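Participant: pasting the sequence and the predicted model now:
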Amino acid sequence: MSNRAQVCAEPASTVISFTREYGLSHADLHRILPRFEGASIVDSLNSYALTFCGGRDIVLVLGPEQERRLGRMRIPYVQLQFAFHGWEQSGVDAFMGRFDRMFHKGGG
């Protein structure tokens with residue numbers, strides 16, 4: 001089954017939620033997330049609501065923007081809280097694979 005087929009499966013009645021840390025700023029997220037294909041996106045001050053086919057939703061809440069300092073280098077990071085409403089675990093895994101690829105920054 002392709003990732004697209006998994007993302008458009010019938011909704012489940014469960015809520016799957018978790019938090020992850022990403023090395024990006026709020027500005028990065030606000031710039032890149034609207035380009036995410038297959039979702040209707042509603043932007044609020046510190047959260048997003050993404051609606052997909054089949055009545056499935058994702059609520060994405062942004063934690064405060066923070067900064068790591070390594071000598072003179074400053075690296076932004078933020079915790080993102082995900083809540084998947086009406087999703088099966090396989091669809092969540094497919095979505096997170098796409099999400100991680102969209103927000104992957106260069107490196108090794």
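Facilitator: Great, that's in hand.
Participant: can we go C-alpha only for contacts and neighbour counts from here?
Facilitator: Fine.
Participant: so what does the one helix or strand residue 50 maps to touch, helix or strand wise?
Facilitator: Assessed by DSSP states H and E, residue 50 sits inside strand 47-52. Packing contacts for strand 47-52, counted by 3 or more Cα pairs under 8 Å, 6 or more residues apart in numbering; DSSP states H and E, involve strand 40-43, strand 56-62.
Participant: possible to save those strands as a markdown table with mean neighbour count, mean pLDDT and distance to residue 28?
Facilitator: Conversion of those to a markdown table gives the following (neighbours: other Cα atoms under 10 Å; pLDDT from 0 to 100; distance: least, Cα to Cα, whole Å):
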| stretch | mean neighbour count | mean pLDDT | distance to residue 28 |
| --- | --- | --- | --- |
| strand 40-43 | 14 | 79 | 14 |
| strand 56-62 | 20 | 89 | 12 |
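Participant: span of stretch 15-28 from start to end?
Facilitator: End-to-end span of stretch 15-28 (Cα to Cα, to the nearest Å): 27 Å.
Participant: how about residues contacting it?
Facilitator: Outside of stretch 15-28, the residues that reach it under the criterion Cα atoms under 8 Å, 6 or more residues apart in numbering are 62, 65, 75-87, 89.
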